[in-house]
Every structure is written in structure tokens, then in C-alpha cells.
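S.K.: below is the sequence, then the predicted model.
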Amino acid sequence: MKTGLALPLRADLAGREPYGAPQLDVAVRLNTNENPYPPPPGLVRQITEAAAAAAAGLNRYPDRDALALRADLAAYLGHGLDAGQLWAANGSNEIIQQLCQAFGGPGRSALGFEPSYSMHPIISQTTSTRWIAASRDSGFGINADRAVATVRELRPDLVFLTSPNNPTGTALPLDVIEAVCEAAPGMVLADEAYAEFARDRQGTALRLLPRFPRLVVVRTMSKAFALAGARVGYLAGDPAVDSGGTGRARHLAARPRAGRGGLRRQFRAVRQVRRPALGLAGAAGPRRAGQGGRPAAMAAGEHRSAAGDGAVPYRA
């Protein structure tokens, strides 16, 4: 219903279109990449029991730090991670939003290599972070030398690297992510929402975290775990990212709907039933992207990060 009411919308949001992924009543929803198979009955029972147990304490706010869930997520990821290096939120989109709130914002910029996940520029722009679109090569990969030259020229505050890429399925070799991390003056966000579907499960940016405190790896429970309705996304990174950066932004957002203990048991249950599905995913995973291609076309950048090397450059 149109009322004709003129609302005082921010000028930079006027005329923008929302995320275009209609929720269709069809069996296979490729536009949102949902798993078409429902959770198995045993898992449904465990979720129901966990939700009932959590409901008895709904008069209290949940653990805002989600310590139990973060500990289980860290155990799943491995690589020597602990709960202090993990953060969880309402899906990976909220994780990305919190990162943009903490490390982007007015006067700051984010760089991404397109085509890629269409929510990256939308979230950047809604947090007043200027979006800079670079292009991928003819095989939808990212050439390390060209990416480094682009980062050094434009000096963005955030760099988005999606691997495997959405929607092309191409995976980034670790040397590309490593080269960008070495050149970036700000944060590097490795979006690994589809990491469980990659042929090379060891080619994850998690391996680079000990060397690069400004690298953040974003994951989700929505895809390989078939839990899109649970809205659980999470990040892995240096402890300073949580305590110094996203910690300042996360209290602006709602927490995941289920109680922390319920989500923790839910994660454990899913971990027990996920292996057969991941076996198929690994066999049909994306190919590794080539390194050749045409030069990237960029917009001009202005902002330079004032943070020194090694410090996490969250907004003052």
C-alpha cells in the first residue's frame, strides 16, 4: 500500500533496490542455494528438545558472547582455533554487516572482485562504506599480481575475497589470498560460505590466520549443513577482531533466535549426520580458478587507512 508519505531516508540509500532473491514455492531453489533436503528426523527431535530446554529460560537474555557455540565451532574448524577467535551471529550476512560497521563506514571503502556475492556491495553501501568493484579474469579467477596492484593503488579498508566464489564456483588458490593480505592496508575478508563444497578442503584461508591478524574468514551453517532457517553464521580471526572491532558493532544487532545451549547441541547433532552429504559435495565441488586473464577495471579510490601494520584498523 502506497501512502505518499515522504520519509527522511539517507541520500545515499535513495533509489537503491533491495537484495533480489525472491522466495519461491518450488522444490529446488537455486537462486538462494538452499539445501532441498530437510533435516533428518533424529536431528529434528534433538533440536526440538534443545528448544524446549531453552524456552524455560526465555525470561533471561541469552549469553551475548555465545561462548559454548563458539567453542563448538572452533572445534569443528580445527587449525588450532579456540572460542576467543570465533564470533557467531544471525547468518553470515550479519557477520559481514558487523565487519563493515566496525572497519568500514563513512569515509572508508571496500573492494570486491565481481561477479561475486551480490550482498557484499549492498551491505557495504548500507553501512556507508564506499564500494569499489574490480573485475575477475576470463575464467572467473583473480590474478594475484593484478589484485595486489589494485589494492596498493586504491588502498581499501576492506577487501572481499570469496572462495569458492558465488555464483561461479571458482576457488582461490591460497597464494592469491596470501598476496592480497600482504598488500592490504586494512582488513581482508575471506568469504568461505561454500568452503565445505570445495574439492581441496585444505585450501582454506584458515591456514593463513596465524600470519595475518587482519584476515577474517567467514563461514555459515546454511549451506552444507542444510540449516538456513537456523540463521547461524560465524567468523574466525585474530582475537583482537572480536574484542576490538566487531565487539563494538555486534551489540547493535539481535542475537540468534535459539538459546546458546540449543544451538550448541544442534551443531553437535548436525556434525554427526553431515559426512555423507559432504562426500557428495567434495566430488562435485568447484574447479580451481586459473591465474590468467584480462586486467581488472577499477574505480578510483581515495581513503587511506591510518592504522599501522599489525594493528586491527577498526573505526575510531
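M.R.: Great, that's in hand.

S.K.: what pairs with the residue nearest the centre of the chain across the strands?
M.R.: In the chain, the residue lying closest to the centroid (CA atoms, centre = their mean) is Val218, at 3.6 Å. On the basis of DSSP bridges, Val218 is bridged to Asp191, Leu235.

S.K.: ok, it touching Asn93?
M.R.: No - with contact defined as CB atoms under 8 Å, Val218 does not reach Asn93; the gap is 9.6 Å. Just so you know, the C-beta spots here come from the backbone N, C-alpha and C atoms, and that holds for glycine as well.

S.K.: so what sits against both of those two?
M.R.: With contacts taken as CB atoms under 8 Å, 6 or more residues apart in numbering, the residues that reach both Val218 and Asn93 are Gly233.

S.K.: flag the shaky bits of the stretch 151-300 of the chain, pLDDT-wise.
M.R.: For the stretch 151-300 of the chain, applying pLDDT under 70 flags the ranges 244-300.

S.K.: please repeat the previous calculation with a cut-off of 50.
M.R.: For the stretch 151-300 of the chain, residues meeting the criterion pLDDT under 50 lie at 251-262, 273-300.

S.K.: ranges for the helices of it?
M.R.: Using DSSP state H, counting those that start in this stretch, the helices of the stretch 151-300 of the chain run over residues 174-183, 239-240, 247-249, 260-273, 275-283.

S.K.: and Trp87, backbone torsions?
M.R.: The phi/psi pair for Trp87 (degrees, to the nearest 10) reads phi -140, psi 150.

S.K.: ok, it - contacts?
M.R.: So Trp87 contacts 66, 70, 95, 98, 234-235, 237, 241-242, 246, 250 (CB under 8 Å, 6+ apart).

S.K.: what about 10 Å?
M.R.: By CB atoms under 10 Å, 6 or more residues apart in numbering, the residues touching Trp87 are 65-66, 69-70, 73, 95, 98-99, 216, 218, 233-237, 241-243, 245-247, 250.

S.K.: what does Ala183 give?
M.R.: Here Ala183 is in contact with 144, 147-152, 155, 159 (CB under 10 Å, 6+ apart).

S.K.: can you rerun that using 7 Å?
M.R.: By CB atoms under 7 Å, 6 or more residues apart in numbering, the contact set of Ala183 is 148, 151-152.

S.K.: between the residues you listed, which sits nearest Asp82?
M.R.: In terms of CB to CB, no member of these lies closer to Asp82 than Val151, at 29.9 Å.

S.K.: the closest one and Gly237, how far apart?
M.R.: 19 Å (CB to CB, to the nearest Å).

S.K.: go on, Val159?
M.R.: Look at Val159 and Gly237: by CB to CB, they are 14 Å apart.

S.K.: one more: Pro41?
M.R.: 36 Å.

S.K.: neighbour-wise, which of those two wins?
M.R.: Between Pro41 and Gly237, Gly237 has the larger neighbour count (other CB atoms under 10 Å), namely 28 against 8.

S.K.: how about the contacts made by the spatially closest residue to the more buried one that is not a sequence neighbour?
M.R.: If the residues on either side of it in the chain are set aside, Gly237 comes closest to Val216, at 4.1 Å by CB to CB, 6 or more residues apart in numbering. Contacts for Val216 (CB under 7 Å, 6+ apart) come out as 99, 187, 189, 235, 237, 241.

S.K.: including distance to Ser118, could the residues you listed go into JSON lines?
M.R.: Shown next, in JSON lines, are the contacts of Val216 (distance: CB to CB, whole Å):
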{"residue": "Leu99", "distance to Ser118": "17"}
{"residue": "Met187", "distance to Ser118": "20"}
{"residue": "Leu189", "distance to Ser118": "15"}
{"residue": "Leu235", "distance to Ser118": "20"}
{"residue": "Gly237", "distance to Ser118": "24"}
{"residue": "Val241", "distance to Ser118": "25"}
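
S.K.: for ChimeraX, what selects the buried ones among those?
M.R.: Selection of buried members from those for ChimeraX, criterion 16 or more other CB atoms under 10 Å:
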select :99,187,189,235,237,241
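
S.K.: helices of the stretch 1-150 of the chain, start to end?
M.R.: Under DSSP H, counting those that start in this stretch, the stretch 1-150 of the chain gives helices at 41-55, 67-77, 91-103, 119-126, 144-154.

S.K.: export the ones you listed as a markdown table, with columns for distance to Gln23.
M.R.: As requested, those are arranged in a markdown table below (distance: least, CB to CB, whole Å):
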| stretch | distance to Gln23 |
| --- | --- |
| helix 41-55 | 21 |
| helix 67-77 | 27 |
| helix 91-103 | 15 |
| helix 119-126 | 15 |
| helix 144-154 | 35 |
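
S.K.: to Thr204, which of these lies closest?
M.R.: Comparing those against Thr204 with CB to CB, the closest turns out to be helix 67-77 (8.6 Å).
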